[in-house]
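K.L.:
sequence first, then the predicted structure, then my questions.
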Amino acid sequence: MHVAGHGIPADLLDALRAAGTDFFKMPIEDKEAYANDPAAGQLEGYGSKLAANESGQREWEDYLFHLVHPHHAANHARWPAHPPEYVPVTRQFGELVSGLASRLLAILSLGLGVPAPTLEHRLRLVEAAGDKVTDDDQDKEQEEELLDLLLKLKINYYPVCPQPDLAVGVEAHTDVSALSFILTNGVPGLQVKRAGRDDEGWVTARDEPGTLVVHVGDALEILSNGRYTSVLHRGLVNRVATRVSWVVFAEPPPDRVLLQPLPELLADGQEQPRFAPRTFRQHLEHKVLKKKQSEEEEAKKAPVAPNLLPALESVPKFSP
Ligand SMILES: O=C(O)CCC(=O)C(=O)O
């Protein structure tokens, strides 16, 4: 969905776009001073998928990734010192997106028929084991521990691509976040797939100046028991203009919050839970593992020469 009236001033968005784009225009050695190292578990920093790589990835982008909010948890060594505006504008943007995330979670809670604070509360609430329900509300309040939502910024920089039909900026995926917020430099390329309508293919998101695109991610799909659907999307490249996108992922704390369908939605047995309880980290690890397994399966499939296909089709099928 496109969100207007989000309260983030247009001049701040322009300053954010300018600062982020300037970073990618720096010489490669300067950007590499902020290089990430995913193999060593260092995900924050600058990374590039432009060079041909062994995994046969077709992604065509440079990116910068770091936690943006809450500010006290940020690793500032991963934030570019150049251009000098980068830190103040990115920090302010993070604070405003945090407020926007809270407002949208409140609206989305009401959409589920539960009180406005419910979704954010559940995304931040530390649960020792299962649901802690006491008769005394005051005791319960004192026992509650709420952690911050974590907002992580990824700037995707997709240079002009000589063969866009052979590449993709970011492959099709759903986000693990609760909500994701996307700002672009106005060059189209974001595509979404409508749930349950595989035959209709991909729809390109319109550029609506002044708006942010907001996606529901996996964490919210789980909490809403599938009433809100995590959006399958991808980023395309083109041979005419460089595309840049700023994506903020609003995520629950990784280890101490249990993601599971809201009990309010399951009351009286109206609905069966569609998701087993899990922490955010467990969900992420499971998803990474599944992706790896399906890539290995694909790699194992031996290519079949086209002229053998008719012969193979005439072989009787074996049924156990
Ligand atoms: O570039 C875009 O519009 C989408 C990028 C994206 O989905 C991602 O970085 O996860």
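P.N.:
Looks like it arrived, so ask away. Everything numeric here is computed off the predicted structure, so don't read it as measured data.

K.L.:
what segments of the stretch 51-200 of the chain are strands?
P.N.:
62-69, 150-158, 170-173, 179-184, 190-193 (DSSP state E, counting those that start in this stretch).

K.L.:
do the second one and the ligand come into contact?
P.N.:
The reference is to strand 150-158. Yes - using C-beta under 6 Å from any ligand atom, we find that strand 150-158 touches the ligand at 154, 156. The C-beta positions use only the backbone N, C-alpha and C, and glycine is treated the same way.

K.L.:
just the third one next, same as before
P.N.:
Yes - Strand 170-173 is in contact with the ligand by C-beta under 6 Å from any ligand atom, via residue 170.

K.L.:
hmm, back to that, and the strands of the stretch 51-200 of the chain: which comes nearest residue 101?
P.N.:
Closest approach to residue 101 among the strands of the stretch 51-200 of the chain is made by strand 179-184 (5.7 Å; C-beta to C-beta).

K.L.:
would you reformat the strands of the stretch 51-200 of the chain as TSV and include mean neighbour count and mean pLDDT?
P.N.:
Compiled in TSV, those are given as follows (neighbours: other C-beta atoms under 10 Å; pLDDT from 0 to 100):
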stretch	mean neighbour count	mean pLDDT
strand 62-69	22	97
strand 150-158	23	97
strand 170-173	15	92
strand 179-184	23	98
strand 190-193	19	94
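
K.L.:
could I get those as TSV with distance to residue 90?
P.N.:
As requested, the strands of the stretch 51-200 of the chain are arranged in TSV below (distance: least, C-beta to C-beta, whole Å):
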stretch	distance to residue 90
strand 62-69	6
strand 150-158	7
strand 170-173	20
strand 179-184	12
strand 190-193	21
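
K.L.:
to residue 255, which of the ones you listed lies closest?
P.N.:
Nearest to residue 255, of those and by C-beta to C-beta, is strand 150-158 at 11.5 Å.

K.L.:
contacts for the closest one next, please.
P.N.:
Contact with strand 150-158 is made by 20-21, 23-24, 60-70, 73, 90, 94, 97-98, 101, 169-170, 189, 235, 237, 242-254, as judged by C-beta atoms under 8 Å, 6 or more residues apart in numbering.

K.L.:
and that strand, how far from the chain's centre?
P.N.:
9 Å (C-alpha atoms, centre = their mean, to the nearest Å).

K.L.:
that one to strand 62-69, inter-axis angle?
P.N.:
Counting by axes from the mean of the first three to the mean of the last three C-alpha atoms, to 10 degrees, strand 150-158 lies at 160 degrees to strand 62-69.

K.L.:
neighbouring strands of strand 150-158 in the sheet, and parallel or not?
P.N.:
strand 62-69 (antiparallel), strand 243-251 (antiparallel) (DSSP bridges).

K.L.:
so which of the ones you listed comes closest to residue 226?
P.N.:
Short answer: strand 243-251, nearest of the strands paired with strand 150-158 by C-beta to C-beta, at 19.2 Å.

K.L.:
go through the closest one and flag the buried ones.
P.N.:
243, 244, 245, 246, 247, 248, 249, 250, 251 (16 or more other C-beta atoms under 10 Å).

K.L.:
find the nearest non-adjacent residue to residue 83, please.
P.N.:
residue 22 (4.4 Å; C-beta to C-beta, 6 or more residues apart in numbering).

K.L.:
so the one you found belongs to a helix, correct?
P.N.:
Yes - the assignment for residue 22 (DSSP: H, G, I helix; E, B strand; the rest coil) places it in a helix.
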